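Asks: Okay, structure incoming, though there's no sequence with it:
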């Protein structure tokens, strides 16, 4: 807290790195503001001596509102532990720190910079993917991938053509299993695909700091425990979640999500491995475009320095978690 106060009173440029997961101490913006207000209300800064320190620096004590405004004056960056999302977060951090330099920093091999290639459906298939009309948003996601990455993706919503598809997309949102008869019909389509040996491609809209409500993002646990509906037991018994769902996020992380989906559509039988760069290193070595400042793998050693905030640095980086704003 001392470093935050010092940066605020000295009017140092700040940006916040926000932990989105509650299990790792993540706080919502509302909870950050509440903790700052609580610190004021219970005289926290006086009790721990920070108010006296600020006075010794020759500055008045910032209010909760001033601290909050300073923390989020710049667009906050969401921290991520999934590899291809983490690379985007690292790039955003470096761009903040190096924003006065020429060009933009990128990470070598960063997924969001890649341009996937997709050929026609393989022999014996007329379509890349089947999107059930009962799976709200599935076809729209495939069209988003095609438009963003300029790919000729062939999809169908006709269940009678399921056998002619290389895979079936299971698009997991808060609507997937909570729509009554529509969800029941979708479950029947999934069962039909599994019985027919058509590979499933799972994609999950994840919540995060960047608003993703329009896409009905939801925690994965809701598919097992939700009063409005959960994954049918029959599908659980036959292993619908035996493969890892590809994570989807919005904002700066969206393109990385779409690239991974495109790669999975290009190789549906390897969709599970595509979520981990260590499982398929060859797929993570595509060249990225020129015209940016190159940040090579060796530069990842900077990670240990990027998480340090001191009052003397030109920019203060604040990692927001439950340990940041209270003791």
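Replies: That came through, no problem. Fair warning: this is a prediction, and the values are worked out from it, not measured in the lab. Numbers count the residues shown, from 1 in each chain.
Asks: hmm, what's the outermost residue in the chain?
Replies: For the chain, the residue at maximal distance from the C-alpha centroid (C-alpha atoms, centre = their mean) is residue 56, at 41.9 Å.
Asks: Can you tell me how far it is from residue 10?
Replies: Distance from residue 56 to residue 10, counting by C-beta to C-beta, to the nearest Å: 13 Å. (Glycine included, C-beta is placed from N, CA and C.)
Asks: can you check residue 129 too?
Replies: Distance, residue 129 to residue 10, using C-beta to C-beta: 54 Å.
Asks: out of the two, which sits in the more crowded spot?
Replies: The residue with more neighbours, out of residue 129 and residue 10, is residue 129; 27 against 12, by other C-beta atoms under 10 Å.
Asks: Give me the phi and psi for the more buried one.
Replies: Reported as degrees, to the nearest 10, the phi and psi values for residue 129 are phi -150, psi 140.
Asks: Show me what it bridges to in the sheet.
Replies: Beta-bridge partners recorded for residue 129 (DSSP bridges): residue 155, residue 167.
Asks: Contacts only, for it.
Replies: 142, 153-155, 165-169, 201, 265, 268 (C-beta atoms under 8 Å, 6 or more residues apart in numbering).
Asks: Adding neighbour count, distance to residue 17 and pLDDT, write those out as JSON lines.
Replies: Formatted as JSON lines, the contacts of residue 129 follow (neighbours: other C-beta atoms under 10 Å; distance: C-beta to C-beta, whole Å; pLDDT from 0 to 100):
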{"residue": "142", "neighbour count": "26", "distance to residue 17": "33", "pLDDT": "97"}
{"residue": "153", "neighbour count": "19", "distance to residue 17": "35", "pLDDT": "94"}
{"residue": "154", "neighbour count": "19", "distance to residue 17": "41", "pLDDT": "96"}
{"residue": "155", "neighbour count": "19", "distance to residue 17": "38", "pLDDT": "96"}
{"residue": "165", "neighbour count": "26", "distance to residue 17": "41", "pLDDT": "97"}
{"residue": "166", "neighbour count": "22", "distance to residue 17": "39", "pLDDT": "96"}
{"residue": "167", "neighbour count": "21", "distance to residue 17": "36", "pLDDT": "96"}
{"residue": "168", "neighbour count": "25", "distance to residue 17": "37", "pLDDT": "97"}
{"residue": "169", "neighbour count": "27", "distance to residue 17": "33", "pLDDT": "97"}
{"residue": "201", "neighbour count": "26", "distance to residue 17": "32", "pLDDT": "96"}
{"residue": "265", "neighbour count": "26", "distance to residue 17": "32", "pLDDT": "92"}
{"residue": "268", "neighbour count": "21", "distance to residue 17": "35", "pLDDT": "63"}
